[in-house]
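*Asks:* just coords:
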């Protein structure tokens with residue numbers, strides 16, 4: 001295996017070029033442990049610690065950016081083996097297709113992440129193309145069969161301090177239980193994802209609430225029992241290391257109604273007779289209830305707002321979610337968070353981290369709001385904003401409204417485990433460029449720069465996600 005990621009520099013990979021001043025800052029944070037507070041890696045990897053199937057599994061299938069670009073260039077998902085079991089797909093043919101189109105990723109963060117991953121993990125510095133596709137495939141395929149490329153070893157060599165997964169509220173966390181029995185170098189923790197039992201607009205809402213009753217032994221036919229079941233599940237997740245919840249919604253709307261009104265709407269939802277606007281109101285109320293529960297039990301509340309998912313309906317019906325057809329849309333954060341923040345936003349004891357791909361709303365509304373409400377933290381640039389220019393715009397445009405101390409550090413938000421070090425490395429380079437410019441302008445002194453660089457690359461994430469008890 002190639003040496004540990006953090007020890008490799010100067011590979012000739014097309015990574016972000018730094019000025020001397022920025023390089024000096026980057027050198028101080030380059031080798032910091034990685035804190036990955038929100039992502040979508042499979043906890044099964046760390047429970048079973050078996051080799052990855054092939055280069056397709058580690059580089060192509062888990063990366064939405066790869067799938068969406070190839071699809072836009074006329075490559076069918078069938079040709080990429082999506083939805084096909086590893087033992088049935090033609091991995092080499094899929095990789096050849098990827099290599100033939102690799103130059104079309106130029107200018108995107110996927111190009112930087114992928115090239116850096118190939119160079120620093122597999123020692124492959126030559127540009128990937130159709131001519132070397134087979135040789136590259138063979139090298140990667142051989143290396144991932146080595147025990148040094150098993151998930152436990154990679155967790156250590158990537159210097160990952162904490163990695164949080166995303167888990168359904170109905171999950172028994174069996175993989176997390178199994179992973180806890182191993183002496184992992186990094187901490188792998190679940191994240192409580194309850195939307196399936198909160199949103200009555202989902203077709204499976206009633207079935208999910210019934211299952212919630214079964215696994216908590218609570219009577220969810222009543223609204224009071226339903227709330228108690230949610231509290232039980234939150235406590236269950238916390239027992240296995242969870243420090244956060246996550247809620248994903250294209251449109252943001254919170255409200256707070258009387259318990260009697262909420263109970264009435266809940267009964268209508270369980271009876272399948274709730275109107276669309278009523279369902280939206282009930283979900284908005286439940287988001288506020290989740291915030292109030294966070295104020296009680298300490299779980300950090302994450303809100304992902306402004307992404308319309310699965311916009312390619314044919315693709316969704318054939319291949320399911322996470323196939324690259326998600327797009328940003330505008331969000332009204334002032335009205336959308338009004339009820340929630342006016343219930344719990346006054347306290348610094350609760351952390352609410354909000355992410356959005358809506359750059360204009362983030363800069364116009366969300367950043368100033370995070371600069372006011374004690375409970376609110378601004379999440380890192382997310383979806384379509386996490387490249388070189390997105391990082392620069394984010395730091396240049398939000399800091400004057402929020403300050404650095406109201407940011408939540410960096411979140412890689414990925415299923416692509418192999419790319420996590422590359423994603424954090426790009427963020428650290430972007431931070432270094434930003435802080436070098438701030439010092440050159442006279443906004444920050446050298447001591448300020450050193451402190452803030454450490455914060456942005458590690459410490460803010462630990463604080464925002466309450467990881468300090470186990471790092």
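*Replies:* Cool, the structure landed. If you're wondering where the values come from, they're calculated on a predicted model, not measured in any experiment.
*Asks:* Could you look up the SS state of residue 459?
*Replies:* Here residue 459 takes the helix state, with states given by DSSP: H, G, I helix; E, B strand; the rest coil.
*Asks:* With adjacent residues omitted, what lies nearest to it?
*Replies:* In this structure, residue 459 finds its nearest non-sequential neighbour in residue 409, 7.3 Å apart by Cβ to Cβ, 6 or more residues apart in numbering. Bear in mind the C-beta positions are built from the backbone N, C-alpha and C, glycine included.
*Asks:* next one: residue 423
*Replies:* residue 412 (4.3 Å).
*Asks:* Could you report the pLDDT at residue 66?
*Replies:* pLDDT recorded at residue 66 is 93.
*Asks:* The residue nearest to residue 459 reaches residue 464, doesn't it?
*Replies:* Yes. Counting by Cβ atoms under 8 Å, residue 464 is a contact partner of residue 409 at 6.2 Å.
*Asks:* In terms of neighbours, single out the busier of these two.
*Replies:* residue 464 (25 against 22; other Cβ atoms under 10 Å).
*Asks:* that older thread, which residues are in contact with each of residue 409 and residue 464?
*Replies:* Residues touching both residue 409 and residue 464 by Cβ atoms under 8 Å, 6 or more residues apart in numbering: residue 37.
*Asks:* hang on, residue 302 in a strand?
*Replies:* Yes. Assigned with three-state DSSP, residue 302 falls within a strand.
*Asks:* For it, give me its contacts.
*Replies:* Residue 302 touches 38, 191, 244, 245, 246, 247, 352, 353, 354, 355, 379, counting by Cβ under 8 Å, 6+ apart.
*Asks:* re the thing from before, so the residue nearest to residue 423 touches residue 420, yeah?
*Replies:* Yes. Judged on Cβ under 8 Å, residue 412 makes contact with residue 420 at a distance of 5.4 Å.
*Asks:* Which parts of the stretch 251-400 of the chain are strands?
*Replies:* Using DSSP state E, counting those that start in this stretch, the strands of the stretch 251-400 of the chain run over 300-305, 307-308, 327-328, 352-355, 376-378.
*Asks:* Parallel or antiparallel, list what pairs with the first one.
*Replies:* Neighbouring strands of strand 300-305 in its sheet, by DSSP bridges, are strand 244-249 (parallel), strand 352-355 (parallel).
*Asks:* where in the chain is pLDDT low?
*Replies:* For the chain, the stretches flagged by pLDDT under 70 are 1-15, 324.
*Asks:* Quickly note the distance from the residue nearest to the spatial centre of it to residue 165.
*Replies:* In the chain, the residue lying closest to the centroid (Cα atoms, centre = their mean) is residue 413, at 2.0 Å. Noted for residue 413: a distance of 12 Å to residue 165, by Cβ to Cβ, to the nearest Å.
*Asks:* any common contacting residues for these two?
*Replies:* Going by Cβ under 8 Å, 6+ apart, residues that sit against residue 413 and also against residue 165 are 39, 40.
*Asks:* from the contacts of residue 302, which single one is nearest residue 437?
*Replies:* residue 379 (22.5 Å; Cβ to Cβ).
*Asks:* if I look at the nearest residue to that closest one once chain neighbours are set aside, how far off is residue 307?
*Replies:* Of all residues not flanking residue 379 in the chain, residue 355 sits nearest, at 3.6 Å (Cβ to Cβ, 6+ apart). Separation of residue 355 from residue 307 (Cβ to Cβ) stands at 9 Å.
*Asks:* How about the contacts made by residue 338?
*Replies:* Under the criterion of Cβ under 8 Å, 6+ apart, the contact list for residue 338 reads residue 254.
*Asks:* Please disregard the earlier target; I meant residue 399.
*Replies:* Here residue 399 is in contact with residue 407 (Cβ under 8 Å, 6+ apart).
*Asks:* Distance check, it against residue 336.
*Replies:* Counting by Cβ to Cβ, the gap from residue 399 to residue 336 is 23 Å.
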